[in-house]
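Engineer: Dropping a prediction and its sequence here:
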Amino acid sequence: MASYDPIEPVEPQEAAVPESNAWLTPAKLPVASAPVPAGAPMYDLRPLTLGEVLDRTFSVYRSRFWLFAGIASISGAVQLVAQAVQMFLQHLMLHRSKFVTGYIVGVVALVLVYLAFFLAYSVTQAATAFAVGEIYLGRVTSVKESLQATIGRWLAYIGIALWQLGSMIWLPILLILPAFVLIKLFPNNSGMLVLGSFLMFAGVLGGGVVGYILYLRNSLGVPAAVIERLKVRAAMRRSKALMAGAKGRIFVVTLISACLYMVVGVLQMPFALLMMFALQKGKESIVAQAVTLLIGFLGHSVVTPVAMIGFTLVYFDQRVRKEAFDIAVMLGEEQAVVAGEPIVEQTPAESEPIGGQAGDEIAL
């Protein structure tokens, strides 16, 4: 799909493009000499099928690849530092370093760097959602502008990330911890072992499935918070309301993103094996470690934007379906971009507690 820069003169769509494939082409003005209005959407706003959502996800990504990769590279760089510190600690353990103080400092540094990564990841995800909104609605932005538009609300984005993480892990933890205690305290009691094994299985399988479903319900929290400038609780309510009827599309987006991460893992695998073989001989492969870190950094920078782009497009699509967002934008109602109209049909999610399930709400 050919993309265009909204500040450049536009050309009329070619007549050769079939009407059935019109959604593949950005919406342009019919007159080549006419300037693009400030609020003219780059892509036509209308209800999309799953295939159209996926195509537009990669179309938007391709049209501004360096923008999205540049935003993601910030959290990728922090992740690279964290992994390097982790490898350094493994080096100390391998050589049985007697510098206990240095090891403790290394552990503290590792914790701090991973906390910094969590902050960077939360903000860059929000910046990605902001950039998608700007591009999708026909405006231009940059890495700097996207970060400046979101960094001021970093605490809210961390809160959303914690909420989403908590919704995924609360049930597995609730089941796995008792199972671990039973197995450790009663290793010779067959009844307790059976009960512990059952709880472990339920926590890993059932708890994982339930946690993933709860995550899907909360997955539009970041786009809602960024586009509509909502606080944490309001953004999670908004996500649950908009997600009615959209879980299947979000599931496919997350599945594709997971497959791309698997590709990165496959590329790292040969070097990880070299590192493992070297450790078995009491040595280290510096080259393998460096290449593994580099692949991880590039993979994070390239793959991470895919899911958030897809989430943001589904967010806009749900607003089109539920709130006539496309008509509001066409009529020039700029306030509709910042604050959507209330959803007319109340969904069960709106009448539930904020967290949906008892454990879906974490303290924020």
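Structural biologist: Sure thing, it's come through.
Engineer: Could I get the contacting residues of the most centrally placed residue in the chain?
Structural biologist: Central residue of the chain (C-alpha atoms, centre = their mean): residue 308, 4.5 Å from the mean position. Shown in contact with residue 308 (C-beta atoms under 8 Å, 6 or more residues apart in numbering): 125, 128-129, 132, 222-223. From N, CA and C alone the C-beta is placed, and that goes for glycine too.
Engineer: And it, how far from residue 209?
Structural biologist: Relative to residue 209, residue 308 is positioned 23 Å away (C-beta to C-beta, to the nearest Å).
Engineer: quick one, phi psi at residue 231?
Structural biologist: Dihedral angles of residue 231 (phi, psi; degrees, to the nearest 10) stand at phi -80, psi 180.
Engineer: how close does it sit to residue 149?
Structural biologist: 17 Å.
Engineer: repeat for residue 226
Structural biologist: Counting by C-beta to C-beta, the gap from residue 226 to residue 149 is 8 Å.
Engineer: Sort out for me which of the contacts of residue 308 are in helices.
Structural biologist: Among those, the ones falling in helices (DSSP state H) are 125, 128-129, 132, 222-223.
Engineer: Top of the residues you listed by number of neighbours, please.
Structural biologist: When neighbours are counted by other C-beta atoms under 10 Å, residue 132 leads the ones in helices among the contacts of residue 308 with 31 neighbours.
Engineer: which residues sit in contact with that residue?
Structural biologist: Applying C-beta under 8 Å, 6+ apart, the residues contacting residue 132 are 60, 223, 308-309, 312-313.
Engineer: got it, and residue 114?
Structural biologist: Residues counted as contacts of residue 114 (C-beta under 8 Å, 6+ apart) are residue 82.
Engineer: related to what we said a few turns ago, and which of the ones in helices among the contacts of residue 308 is nearest to residue 273?
Structural biologist: residue 125 (31.8 Å; C-beta to C-beta).
Engineer: And the helices in the protein?
Structural biologist: 50-63, 65-94, 100-136, 143-150, 154-185, 190-201, 207-218, 221-228, 232-242, 247-280, 286-323, 325-330, 335-338, 348-351.
Engineer: Highest mean neighbour count out of those helices?
Structural biologist: Across the helices of the chain, averaging neighbours per residue (mean count of other C-beta atoms under 10 Å) puts helix 221-228 on top, at a mean of 26.
Engineer: mind checking how far it is from the chain centre?
Structural biologist: Averaging C-alpha positions (C-alpha atoms, centre = their mean, to the nearest Å) puts helix 221-228 12 Å from its chain's average.
Engineer: ok, now stretch 254-272?
Structural biologist: 16 Å.
Engineer: Likewise for stretch 62-75?
Structural biologist: Using C-alpha atoms, centre = their mean, the offset of stretch 62-75 from its chain centre is 14 Å.
Engineer: So what's the model's average confidence on that stretch?
Structural biologist: What stretch 62-75 shows for mean pLDDT is 95.
Engineer: and what of stretch 283-297?
Structural biologist: Here the average pLDDT along stretch 283-297 is 88.
Engineer: ok, and what's touching it?
Structural biologist: The contact list for stretch 283-297, computed with C-beta under 8 Å, 6+ apart, reads 73, 76-77, 79-80, 83-84, 87, 91, 94, 264, 267-268, 271-272, 274-275, 278.
Engineer: wait, what's in contact with the nearest residue to residue 242 once chain neighbours are set aside?
Structural biologist: Nearest residue to residue 242, sequence neighbours excluded (C-beta to C-beta, 6 or more residues apart in numbering): residue 318, at 4.3 Å. Contact analysis of residue 318 by C-beta under 8 Å, 6+ apart lists 220, 242-243, 245-246.
Engineer: Next up, phi/psi of residue 324, please.
Structural biologist: Note on residue 324: its backbone torsions stand at phi 50, psi 40 [degrees, to the nearest 10].
Engineer: How confident is the prediction for it, by pLDDT?
Structural biologist: pLDDT, residue 324: 80.
Engineer: How about residue 90?
Structural biologist: Note on residue 90: pLDDT of 76.
Engineer: Distance of it relative to residue 293?
Structural biologist: Residue 90 is 13 Å from residue 293, by C-beta to C-beta.
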